[in-house]
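In: following is a predicted model, sequence given first.
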Amino acid sequence: MPDCVTIRVPATSANLGCMFDCGALALSLYLDVRVTLRGSREIAVQYRGETPERIASGADNLIARTLSDTLQGWGVKRGFDLEIDNQIPVGVGLGSSAAAIVAALSASHWLANRDLPDQEIISMGSRLEGHPDNVAAAWEGGFTLAVQADGRVLAFSCPVSESLQFALVVPDYAVATENARAMLPATYSRADAVHNLQRAAAVAAQFFAGRTDFRRELFDDRWHQPYRVGLVPGLKEVLGFSHPEILGLCLSGAGPAILAFVRGDARPAVEAIQALLGQQGVPSRAFALAADNRGAKSWSQPSCR
């Protein structure tokens, strides 16, 4: 049983327009965690990175709390030093809480010397976090579909072509997921259900076939984005924006981050979207990203080399 582990978990973008609560991408922004067991029961947390004002710095930190509860449940009753380096903005729809929980579970299974199959860690993470699409993509990497069945989560993933890039624009405010959920209707019409199902199937087929010739209309959602426009100033204008290199636009998760699928270099598209938001009075940060095809299961190490 190692005394120290290092874990890397990618950010994730879920929903992808028409793939509400089932599809997600892993992206090249990372949460890096180093855990060193102590001889005592004390827990110490050191945090560096994005939005520190939104992160608890003691034993109630989400990673620390999940790690402690999981280790104790598996019979490891020791404290630890937790070092966190985080590139993932918090509260903007990039799976920061899923990354935290996946990091804690991954570290726990190494430190407790416990076998943890893919389906088990994804199912455990989904029960704790509530979003199986984010958890599955964070663990598996690439493009991932998540299906809930009989208390388990079945995940199906594939790598994303390096030729497909992503423009990510993050407004300078957060949206609570529970507030975004509260905007959604309780039921949908058959026409809206069929509309999204057709597009979700087509997007999944494109990814699993290794194709990158996406079309804008595949991201035309009727389930969540129209209802969240009021929470995300500038979203309506961005979703209607046209750029020669943009293959698709969508809200990332519950927002307010916005993701664009881009042919080739993502930087011009990033700058164009950021400028459009600026015209709506919305300051933002921009990232030109690739998909992460490794996922936490391939990045994590049972040592602190």
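Out: Yes, it's here. Just so it is clear, the model here is predicted, and its values are computed rather than measured. Numbers count the residues shown, from 1 in each chain.
In: going forward, measure contacts between C-alpha atoms and count neighbours the same way
Out: OK.
In: any idea which strand is longest in the protein?
Out: Secondary structure assigned by DSSP state E gives strand 19-37 as the longest strand of the chain.
In: what packs against it?
Out: When contacts are defined as 3 or more Cα pairs under 8 Å, 6 or more residues apart in numbering; DSSP states H and E, strand 19-37 sits against strand 4-15, strand 80-86, helix 96-111, helix 132-140, strand 143-149, strand 284-289.
In: winner for burial among the ones you listed?
Out: Ranked by mean neighbour count under mean count of other Cα atoms under 10 Å, the helices and strands packed on strand 19-37 are led by helix 132-140, which reaches a mean of 34.
In: between that one and strand 19-37, how big is the angle?
Out: 50 degrees (axes from the mean of the first three to the mean of the last three Cα atoms, to 10 degrees).
In: residues touching the closest residue to Asp32 other than its chain neighbours, list them.
Out: The shortest distance from Asp32 to any non-neighbouring residue, by Cα to Cα, 6 or more residues apart in numbering, is to Arg8 (4.5 Å). The contact partners of Arg8, taken as Cα atoms under 8 Å, 6 or more residues apart in numbering, are 30-33, 103, 296, 299-300.
In: follow-up on the earlier one: reformat the helices and strands packed on strand 19-37 as JSON lines; add distance to Gly58 and mean pLDDT.
Out: Listed next are the helices and strands packed on strand 19-37 as JSON lines, based on distance: least, Cα to Cα, whole Å; pLDDT from 0 to 100:
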{"stretch": "strand 4-15", "distance to Gly58": "19", "mean pLDDT": "96"}
{"stretch": "strand 80-86", "distance to Gly58": "10", "mean pLDDT": "96"}
{"stretch": "helix 96-111", "distance to Gly58": "14", "mean pLDDT": "95"}
{"stretch": "helix 132-140", "distance to Gly58": "24", "mean pLDDT": "97"}
{"stretch": "strand 143-149", "distance to Gly58": "32", "mean pLDDT": "96"}
{"stretch": "strand 284-289", "distance to Gly58": "28", "mean pLDDT": "95"}
